[in-house]
Every structure is written in structure tokens, then in C-alpha cells.
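Colleague: have a look; sequence and predicted model below, questions after that.
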Amino acid sequence: MKLIVDVRWDDEASVWYAISRGHTGLATESESLDGLRERILAVLPDLFELPLTQIDVELVVHDISAKPNPIAAE
């Protein structure tokens with residue numbers, strides 16, 4: 001199964017947020033991209049009732065220049 005997840009920075013809330021495409025229901029947020037990735041991986045098995053090895057996740061990060069040093073964990 002392939003899951004495409006759009007990732008954006010919310011300047012007002014100061015968080016990165018992720019929403020999956022389609023009707024999968026994945027929506028989560030974190031203060032860092034690393035934290036967001038961890039949160040996504042943590043909810044996937046419960047959301048799809050599949051092991052992570054059966055889910056191909058593609059993160060599409062939009063507007064990465066919107067936040068200074070977006071890769072650094074906070």
C-alpha cells in the first residue's frame with residue numbers, strides 16, 4: 001500500500017502538520033520534522049491495521065523555506 005502525506009509548516013501555531021491524501025484519515029502535527037515523522041510512523045499500524053513493512057509512505061514537504069533551519073530537531 002502506498003500512502004502520500006502532505007507536510008506543511010503552520011506559522012501561527014509554530015508546528016509542522018501532516019495530512020494524508022485520499023480518505024485515509026491521517027492527520028498529525030509536531031514542532032519538528034523529525035518528530036512529525038515519528039508520529040506518522042507511530043499511528044500507521046493502527047490506522048491501517050497493517051505492519052509498517054506493508055506501507056510505503058511518501059512525505060511531500062511543502063514550503064520548507066517557511067521556517068528557518070526546518071531540519072533541526074527542537
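Modeller: Looks like it arrived, so ask away.
Colleague: which strand runs longest in the protein?
Modeller: Ranked by number of residues, the top strand in the chain under DSSP state E is strand 2-10.
Colleague: what segments of the chain are strands?
Modeller: Taking DSSP E as the criterion, the chain contains strands spanning 2-10, 15-20, 27-30, 56-61.
Colleague: reformat those strands as JSON lines; add distance to residue 36, mean neighbour count and mean pLDDT.
Modeller: Every C-beta, even on glycine, is put in place using the N, C-alpha and C of the backbone. Shown next, in JSON lines, are the strands of the chain (distance: least, CB to CB, whole Å; neighbours: other CB atoms under 10 Å; pLDDT from 0 to 100):
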{"stretch": "strand 2-10", "distance to residue 36": "7", "mean neighbour count": "16", "mean pLDDT": "93"}
{"stretch": "strand 15-20", "distance to residue 36": "5", "mean neighbour count": "19", "mean pLDDT": "95"}
{"stretch": "strand 27-30", "distance to residue 36": "4", "mean neighbour count": "16", "mean pLDDT": "96"}
{"stretch": "strand 56-61", "distance to residue 36": "8", "mean neighbour count": "13", "mean pLDDT": "93"}
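Colleague: apart from its neighbours in sequence, what residue is nearest residue 36?
Modeller: residue 30 (4.0 Å; CB to CB, 6 or more residues apart in numbering).
Colleague: try residue 47
Modeller: In space, residue 47 is closest to residue 26, 6.0 Å off (CB to CB, 6+ apart).
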